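S.K.: Below are the sequence and a predicted model for it; my questions follow.
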Amino acid sequence: MPLYEHVFISRQDLSNAQAEGLIEHFSTVLKDNGGKVIDTEYWGVKTMAYKINKNRKGHYAFLRTDAPSAAVLEMERLMRLHDDVMRVLTIKVDAHSEGPSVQMQKRDDRERGDRDGGMGFGGERRERPSFGDRPERSGDRPERSGDRPSFPRR
């Protein structure tokens, strides 16, 4: 069966228990339609980049599934009809990664007391990328002058 990853955002005025209840509800929908839920994560309340339905924050949830496409379509249909779910994102993946997602790894680093935000993507600290020994040239950027450009008037 195909492998999927789902992220959905529910309304901010739900309690944590209600948000986690939504994860369980949609997991059972997948199981009833022949799918299997491999892993679930509750990411907590996060601030969104823009308002959705007059909400500035939302409860984020993450599911890793192994399900037929019909089960995924049914789950997405029910999510879109549910009043508490604001957004849904489903991605088909070739393989699930081992361990917690990147969001949960960041939380673990914060709880451990890392001030610099943890390690890089590969687990080791990385230096800033070097762009070679290219010398700075004066012709790369135009000089800025205090004069404003003149635009033709109508």
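M.R.: Great, that's in hand. Numbering: from 1, shown residues only.

S.K.: In stretch 65-82, which residues are buried?
M.R.: By 16 or more other Cβ atoms under 10 Å, the buried positions in stretch 65-82 come out as 65, 67, 71-72, 74-76, 79. In short, each C-beta sits where N, CA and C put it, glycine included.

S.K.: before we move on, what SS does Ala95 have?
M.R.: Of the three states, Ala95 takes coil under DSSP: H, G, I helix; E, B strand; the rest coil.

S.K.: Quick check, it in contact with Pro2.
M.R.: No - contact criterion Cβ atoms under 8 Å: Ala95 and Pro2 do not qualify, at 11.2 Å.

S.K.: Looking at the two, which has the bigger crowd around it?
M.R.: Neighbours per residue (other Cβ atoms under 10 Å) separate Ala95 from Pro2, with Pro2 holding more: 13 against 6.

S.K.: hey, what's the closest residue to the more buried one other than its chain neighbours bridged with?
M.R.: Distances taken as Cβ to Cβ, 6 or more residues apart in numbering place Lys92 nearest to Pro2, at 5.8 Å, with adjacent residues excluded. Counting by DSSP bridges, Lys92 is bridged to Tyr4.

S.K.: avg pLDDT for stretch 60-73?
M.R.: Averaged across stretch 60-73, the pLDDT comes to 92.

S.K.: same thing with stretch 28-41?
M.R.: On average, stretch 28-41 scores 92.

S.K.: Same check on stretch 78-93?
M.R.: 93.

S.K.: And for stretch 2-12?
M.R.: So the average pLDDT for stretch 2-12 ends up being 92.

S.K.: And stretch 15-25, by the same measure?
M.R.: 92.

S.K.: In that stretch, which residues are buried?
M.R.: 19-20, 22-23.

S.K.: likewise stretch 23-41?
M.R.: Neighbour count says stretch 23-41 has 23, 26-27, 29-30, 35, 37, 40-41 buried, by 16+ other Cβ under 10 Å.

S.K.: got a list of contacts for that stretch?
M.R.: Residues outside stretch 23-41 that contact it (Cβ atoms under 8 Å, 6 or more residues apart in numbering) are 1, 8, 42, 61-68, 70-72, 74-75, 78-79, 96, 100-101, 103-104.

S.K.: try it again with 6 Å
M.R.: 61-68, 71, 74-75, 78, 101, 104 (Cβ atoms under 6 Å, 6 or more residues apart in numbering).
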